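Peer 1: starting from these lines, generate the structure:
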Amino acid sequence: MLNAFSSDIQCSQLGNDGRGHYCDTPGQTQVSGLCSEGYFCTQSAKTSTPNDGNLGDVCPSGHYCPAGSAIPHPCPAGSYSNTSGNVGPETCVPCESGYFCDRRGLASPNGPCEEGFYCAGASASPHPSGMTSGGGPCPVGHFCPQGSHIPQACPAGTFTRYLGQASCSECPEGFYCPVQSSNATICPEGYYCPRRTEFAKQYSCPQGTFSGSLGATDIGTCLPCPPGMFCSRLGLGRPEGFCALGWFCPAGSISDKPVDFLEIPGPTISSNLSRYNRMCPPGTFCPQGSFYPIPCTPGKYCATPELDSESGFCDPGFYCSAGSSLPNPRDGEMGDICPPGHFCIEGSSSPSPCPPGCFF
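Peer 2: Purely as a prediction, here's the structure:
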């Protein structure tokens, strides 16, 4: 027959199954029951809800105590609990995003995630080693300051080419960096890229210029379109083509038939601009690719504007100086009628004296 137990130690020995029990009456032959949930009972507790700290107590923060707990169960790493009297593991809260909980039994997170890393939630380390659902090193093209819960994309004009960066590097001159760049990309032809350039065509060479260089850094690398050629569009890597027949293109022309506006005195803005086109005037001709009007060849004439070659030879009985616009000039500058004592065959550039024994 089982004897009655009167001592606390003997009561504790009755419930020798690894769980927390209590004995509320001396001389019991069996334990009174299991320790209540939210409490733990050690040695010989006299109540299911001890709170003296010697024979048991309320389950402390950072732990949980199901019914029959002999010791508190710690919340696992990656979680914490800031309340006491917890009854099950579901009361352990996953570590907040941006923070880490690196050991068991925490009442609060240890602190913020380290810079260069992100802690997505339930992280057990300030620097998660692998990219998992709990976090990891900041990926390339991103930056992670201290306390990051997600990687942040590098803004346009910056980049990161390595893992685990807390900040993004400035895009260097001669390169451009779109959002989330893991490297700087060389500036294309026809454009220039100062520091922090955000996209390839952000800074274009203006009309009338071009740049055939990769990695240009400033507008000074945009060269004027060569004489005899034109550059009508922004961002050209080479001139578009030659000046049109009958026209001439000085350096920096933006059309194959360029027209300039010259400022002249006038009462209003609309009246003080005058069109000045680069069409070859009478008395000159312009083959394709001309950069200045070529005076008509002596002995020939150029009758109309926009010519790409001479109109023809000077009339017989007349002579034509360089730049003549008529086949029979009479002004003495572009030519004139053949003077007495001279003769002028077709295409004469100057009068020829009559030979001895002849006269006209």
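
Peer 1: switch to C-alpha atoms for all contacts and neighbour counts from now on
Peer 2: Noted.

Peer 1: list phi and psi for Thr221.
Peer 2: Torsion angles at Thr221 (phi, psi; degrees, to the nearest 10) stand at phi -80, psi -10.

Peer 1: what about it, how many neighbours?
Peer 2: 18 (other CA atoms under 10 Å).

Peer 1: and if you look at the one 10 residues further on?
Peer 2: Number of residues near Cys231 (other CA under 10 Å) recorded here: 28.

Peer 1: which ones are touching it?
Peer 2: Counting by CA atoms under 8 Å, 6 or more residues apart in numbering, Cys231 touches 207-210, 225, 239-241, 252-255.

Peer 1: can you put these in JSON lines and add distance to Thr29, pLDDT and neighbour count?
Peer 2: Converted to JSON lines, the contacts of Cys231 look like this (distance: CA to CA, whole Å; pLDDT from 0 to 100; neighbours: other CA atoms under 10 Å):
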{"residue": "Gln207", "distance to Thr29": "104", "pLDDT": "95", "neighbour count": "20"}
{"residue": "Gly208", "distance to Thr29": "107", "pLDDT": "95", "neighbour count": "24"}
{"residue": "Thr209", "distance to Thr29": "105", "pLDDT": "97", "neighbour count": "29"}
{"residue": "Phe210", "distance to Thr29": "103", "pLDDT": "97", "neighbour count": "30"}
{"residue": "Cys225", "distance to Thr29": "109", "pLDDT": "96", "neighbour count": "26"}
{"residue": "Pro239", "distance to Thr29": "107", "pLDDT": "97", "neighbour count": "22"}
{"residue": "Glu240", "distance to Thr29": "107", "pLDDT": "96", "neighbour count": "17"}
{"residue": "Gly241", "distance to Thr29": "111", "pLDDT": "96", "neighbour count": "16"}
{"residue": "Gly252", "distance to Thr29": "111", "pLDDT": "94", "neighbour count": "22"}
{"residue": "Ser253", "distance to Thr29": "112", "pLDDT": "94", "neighbour count": "28"}
{"residue": "Ile254", "distance to Thr29": "110", "pLDDT": "94", "neighbour count": "25"}
{"residue": "Ser255", "distance to Thr29": "112", "pLDDT": "94", "neighbour count": "20"}
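
Peer 1: quick one: which of those residues is nearest to Gly27?
Peer 2: Using CA to CA, Phe210 is the member of the contacts of Cys231 that sits closest to Gly27, with 104.8 Å.

Peer 1: wait, isn't the closest one in contact with Pro239?
Peer 2: Yes: assessed by CA atoms under 8 Å, Phe210 is found in contact with Pro239 at 6.5 Å.

Peer 1: what sits in contact with each of the two?
Peer 2: By the contact definition CA under 8 Å, 6+ apart, Phe210 and Pro239 are jointly contacted by 225, 231.

Peer 1: so Gly157 makes contact with Gly174?
Peer 2: No: applying CA under 8 Å as the test, Gly157 and Gly174 come out as separate, 11.8 Å apart.

Peer 1: now do the shared contacts for these two.
Peer 2: Each of Arg195 lies in contact with both Gly157 and Gly174 under the rule CA under 8 Å, 6+ apart.

Peer 1: pull up the distance across stretch 290-306, start to finish.
Peer 2: For stretch 290-306, the first-to-last residue distance is 12 Å (CA to CA, to the nearest Å).
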